[in-house]
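Undergrad: generate coordinates for the sequence data below:
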Amino acid sequence: MNDFKIVSKPELIYGVNTSLTAGTVLKKLGCSKIICVYDQGVKSAGLVDKIVKVIEGEGIEVVHFDGVVADPPDTVVDEAGEIGRKEKVNGIVAIGGGSAMDTVKGINILLSNPGSITQYKAGTVYNLSRTPMVMIPTTSGTGSETTTMGVITSSKEHRKTIIHGEGCTANVAILDPALTLGLPPYPTAATGMDVLAHAAESLTIKNNWSEYSAMFAENAIAMVVKYLPIAVADGSNMEARENMMLAATFAGTAFTDASVHMGHGIGHSLGAKFHIPHGVACAIGLPSVMKFVATEESEKVKRVGKAMGLTFKDDATPEEIGQLVADEMFALNTTVGIPTLQALDIGRDSFSDVADLVIQDTTYYNYPVKASKDDIVGALEQAYDRGEN
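TA: Now for the predicted structure:
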């Protein structure tokens, strides 16, 4: 068994209506004035007011930032960070999906460091002092509540960049599946397939792979396969919502320690170029990626397939293993309503430009199998061809 190092995780509070403990959690952390970060959709769904009420009930002042947008650009993060600086907040709360949580991670860095978030990309040395940070996810997808990284879109380079480190790690994550009950089918599917991508990629990574992360990944995969179709078909099914929220956290734990690879490189690049939901972008490329990775990591891809409920012949070739897993993933995409490249009006003529972005993506150096530009274009071609069948 290979050596591994486990990254420290935030305190996790899981259960229906646990979001109503946010006030006591923040008080315990010593917060007296917090910035609460969310988007207009979460606000209009009625999720913000009841949480803010319990926070204010503990005598904590709340400053609001409701300007979160999908794939948060550096300009939005800078705006929110400046509000936090001026208001001298001593706590930060995210209520929402991955975009809200990534915005909050950027704010956290800016509260103890000067300038713009553009100065603090992955690998940058910055002051590790930080403001207490509480994550309250309203989707079951990114797992950002458990990770040590965030994704910020560069407004100048038009690509996604990574922030990473202690300042991106929540103190507490409050996992309340009741907050996901109102999520419509499409975002439920998109965020749910992001969970599968996190888990499948962390299970097939090479350099940082461990049985510890594999355990979380395999459980997350099994839960997604079982419960995501139910959550998409019946958004009020609490059992499905509970299990999908737990799956998202399991997958977040897995890829924090192991990392993601080519599926997310493609996902980041499609998202940056065409502004499609992150989970959708990852799901589109994932079947082709599993087929590609199986050429050298067939036993790990087989573990992905077994977690999905597949069986394999004893003498199955790497190509057969990759094809079987890819077919099952594409079938799940179809079941939960993930659109094809054709449906999104993304044509073959864009694949070269997308591949260039993939090679620039931070994940490129994590690939378990070295991929050339032609390999990446080939994966996109396979995804496109599936949509024609």
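Undergrad: quick one: low-confidence parts of the stretch 1-150 of the chain?
TA: Where the stretch 1-150 of the chain drops to pLDDT under 70, the residues are 1-8, 122-129.
Undergrad: helices along that one, start to end?
TA: 22-28, 40-44, 47-56, 74-87, 98-111 (DSSP state H, counting those that start in this stretch).
Undergrad: which of the ones you listed sits most buried?
TA: helix 98-111 (a mean of 27; mean count of other Cβ atoms under 10 Å). Just so you know, the C-beta spots here come from the backbone N, C-alpha and C atoms, and that holds for glycine as well.
Undergrad: related to what we said a few turns ago, I'd like the helices of the stretch 1-150 of the chain as CSV, with distance to M290 appended.
TA: Below are those laid out as CSV (distance: least, Cβ to Cβ, whole Å):
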stretch, distance to M290
helix 22-28, 38
helix 40-44, 32
helix 47-56, 35
helix 74-87, 32
helix 98-111, 22
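Undergrad: and these: which comes nearest I174?
TA: I174 lies closest, by Cβ to Cβ, to one member of the helices of the stretch 1-150 of the chain: helix 22-28, at 6.2 Å.
Undergrad: helices or strands next to the closest one in the packing?
TA: Counting contacts by 3 or more Cβ pairs under 8 Å, 6 or more residues apart in numbering; DSSP states H and E, helix 22-28 packs against helix 47-56, strand 91-96, strand 133-137, strand 172-175.
Undergrad: among the helices of the stretch 1-150 of the chain, which is nearest P287?
TA: So among the helices of the stretch 1-150 of the chain, helix 98-111 is nearest, using Cβ to Cβ, at 22.1 Å.
Undergrad: so how far is the closest one off the chain centroid?
TA: 14 Å (Cα atoms, centre = their mean, to the nearest Å).
Undergrad: likewise stretch 146-163?
TA: 12 Å.
Undergrad: so can I have JSON lines of the helices and strands packed on helix 22-28 showing distance to F255?
TA: Listed next are those as JSON lines, based on distance: least, Cβ to Cβ, whole Å:
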{"stretch": "helix 47-56", "distance to F255": "26"}
{"stretch": "strand 91-96", "distance to F255": "19"}
{"stretch": "strand 133-137", "distance to F255": "15"}
{"stretch": "strand 172-175", "distance to F255": "15"}
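Undergrad: output stretch 60-77 as PDB, restricted to C-alpha atoms.
TA: Extracted C-alpha coordinates of stretch 60-77, given in PDB (Å, rounded to 0.1, in the frame of the first residue of the first chain):
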ATOM      1  CA  ILE A  60     -24.300  38.900  15.500                       C
ATOM      2  CA  GLU A  61     -24.500  41.800  13.000                       C
ATOM      3  CA  VAL A  62     -24.900  40.600   9.300                       C
ATOM      4  CA  VAL A  63     -23.500  42.400   6.300                       C
ATOM      5  CA  HIS A  64     -25.100  41.100   3.000                       C
ATOM      6  CA  PHE A  65     -23.400  40.400  -0.300                       C
ATOM      7  CA  ASP A  66     -26.000  39.100  -2.800                       C
ATOM      8  CA  GLY A  67     -23.900  39.500  -6.000                       C
ATOM      9  CA  VAL A  68     -22.700  36.000  -6.400                       C
ATOM     10  CA  VAL A  69     -22.700  34.800 -10.000                       C
ATOM     11  CA  ALA A  70     -21.900  31.400 -11.600                       C
ATOM     12  CA  ASP A  71     -18.200  30.700 -12.200                       C
ATOM     13  CA  PRO A  72     -17.300  33.700 -10.000                       C
ATOM     14  CA  PRO A  73     -15.000  36.200 -11.700                       C
ATOM     15  CA  ASP A  74     -12.200  37.900  -9.900                       C
ATOM     16  CA  THR A  75     -14.000  41.300 -10.200                       C
ATOM     17  CA  VAL A  76     -17.000  40.000  -8.100                       C
ATOM     18  CA  VAL A  77     -14.600  38.500  -5.500                       C
END
